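# Make a model of this:
(one chain, ligands or ions: 1)
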Amino acid sequence: MIFESHAHYDDKQFDSDREQLLSSMKENGIETIINVGSDFRGSKDTVELAKKYDFIYGAIGIHPSDISDLNQETCQWLEENAALEKVVAIGEIGLDYYWDKEEEVQKAQRYWFEWQMKLAEKANLPVIIHSRDAAEDTLKLMKEIHAEQIPGVIHCFSYSREMAEEYVKMGYYIGIGGVVTFKNAKKLKEVAANVPLERILLETDCPYLAPEPHRGSRNSSLNLPYVAAEIARIREITPEEVIEVTKRNAERLFFGSVK
Ligand code: NI
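Below is the predicted model:
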């Protein structure tokens with residue numbers, strides 16, 4: 001059975017068939033799902049999904065591109081809801097300099113990334129980190145605040161093998177999804193080949209980033225066997241081993257500590 005570590009079933013792309021799709025997960029080998037909030041509305045919807053489905057757990061947090069959602073009221077909501085039993089992580093949080101090139105905005109992203117890392121530390125929860133075009137600043141900030149004391153995953157990993165090794169040294173997991181099946185994803189295939197299997201989590205980031213052979217269509221956790229098969233091919237092991245070990249990894253990260 002597969003552990004899906006990063007999905008966005010609150011997304012409006014699932015409005016037409018969410019219930020039907022989620023009801024089909026177990027019979028298709030998807031055992032557990034972490035639904036990840038990326039803005040305030042998404043975090044609230046995540047809490048509702050976790051209440052409704054026994055196999056869905058929630059991560060709440062504000063993505064770097066949505067930090068305008070953060071204010072006194074929403075910060076208080078995050079603090080209160082981090083204590084819920086089925087909220088098992090803070091995320092997705094981090095830095096994204098791909099769209100935001102202005103120094104002022106990037107500075108604000110760093111401020112809220114740090115604030116949410118500290119929220120996770122206080123709540124005794126792991127973090128789900130999004131980092132795009134901000135490799136150096138992400139690592140620098142994490143070292144400054146001693147992020148090695150906060151467990152977590154670098155989701156949808158897009159940096160080099162060397163950078164992956166830095167994060168693994170800090171105790172972090174590396175989230176790998178559909179991109180690893182793309183022909184031109186040389187860097188990620190190298191990461192998938194070299195990071196210890198005990199440090200890899202399977203994820204979709206659905207509805208985005210569907211793997212081959214469904215690239216470009218709406219993604220769902222039902223496509224995770226393609227990701228597992230590609231990691232298995234690269235590492236010359238069986239898909240079953242990839243599925244079993246990554247499931248144990250995710251259970252250790254999300255259920256292992258306080259809850
Ligand atoms: Ni995501």
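
# how near is the closest residue to Asn28 other than its chain neighbours to Leu209?
The shortest distance from Asn28 to any residue other than its chain neighbours is 5.4 Å, reached at Leu222 (C-beta to C-beta, 6 or more residues apart in numbering). Any C-beta I mention is one placed from the backbone N, CA and C, and that applies to glycine too. Counting by C-beta to C-beta, to the nearest Å, the gap from Leu222 to Leu209 is 14 Å.

# Tell me the buried residues in stretch 1-19?
Using 16 or more other C-beta atoms under 10 Å as the test for burial, stretch 1-19 gives Ile2, Phe3, Glu4, Ser5, His6, Ala7, His8, Tyr9, Asp10, Asp11, Phe14.

# which of those residues lies closest to Asn124?
Lowest distance from Asn124 to those (C-beta to C-beta) belongs to Ser5, with 18.9 Å.

# Over to that closest one: give its phi and psi.
phi -90, psi 0 (degrees, to the nearest 10).

# C-terminal to the lengthiest helix in the chain, what's the next element?
Counting by DSSP state H, the longest helix found in the chain is helix 103-123. For helix 103-123, the following helix or strand on the C-terminal side (DSSP states H and E) is strand 127-132.

# Give the pairing partners of that next one; include direction for each.
strand 87-96 (parallel), strand 152-154 (parallel) (DSSP bridges).

# Run through who's touching it.
Strand 127-132 is contacted from outside by 5-6, 34, 36, 38, 59, 61, 63-64, 89-98, 116-117, 120, 138, 147, 150-156, 158-159, 172, 175, using C-beta atoms under 8 Å, 6 or more residues apart in numbering.

# Can you turn the buried part of these into a PyMOL selection?
The following PyMOL line selects those of the contacts of strand 127-132 that are buried, judged by 16+ other C-beta under 10 Å:
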select buried, resi 5+6+34+36+38+59+61+63+64+89+90+91+92+93+94+95+96+97+116+117+120+138+147+150+151+152+153+154+155+156+158+159+172+175
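
# where does the stretch 151-259 of the chain dip in pLDDT?
Across the stretch 151-259 of the chain, the ranges flagged by pLDDT under 70 are 257-259.

# And the helices in it?
Using DSSP state H, counting those that start in this stretch, the helices assigned to the stretch 151-259 of the chain run over residues 161-169, 186-194, 224-235, 239-255.

# The stretch 1-150 of the chain now?
Assigned by DSSP H, counting those that start in this stretch, the stretch 1-150 of the chain shows helices spanning 18-23, 40-52, 72-81, 103-123, 135-144.

# For those, give me a markdown table that also has mean pLDDT.
Output for the helices of the stretch 1-150 of the chain, formatted as a markdown table (pLDDT from 0 to 100):
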| stretch | mean pLDDT |
| --- | --- |
| helix 18-23 | 98 |
| helix 40-52 | 98 |
| helix 72-81 | 98 |
| helix 103-123 | 98 |
| helix 135-144 | 97 |
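
# just so I know, which of these lies nearest Ala192?
With C-beta to C-beta, the closest approach to Ala192 among the helices of the stretch 1-150 of the chain belongs to helix 135-144: 17.9 Å.

# tilt between the closest one and helix 161-169?
For helix 135-144 against helix 161-169, the angle by axes from the mean of the first three to the mean of the last three C-alpha atoms, to 10 degrees is 20 degrees.
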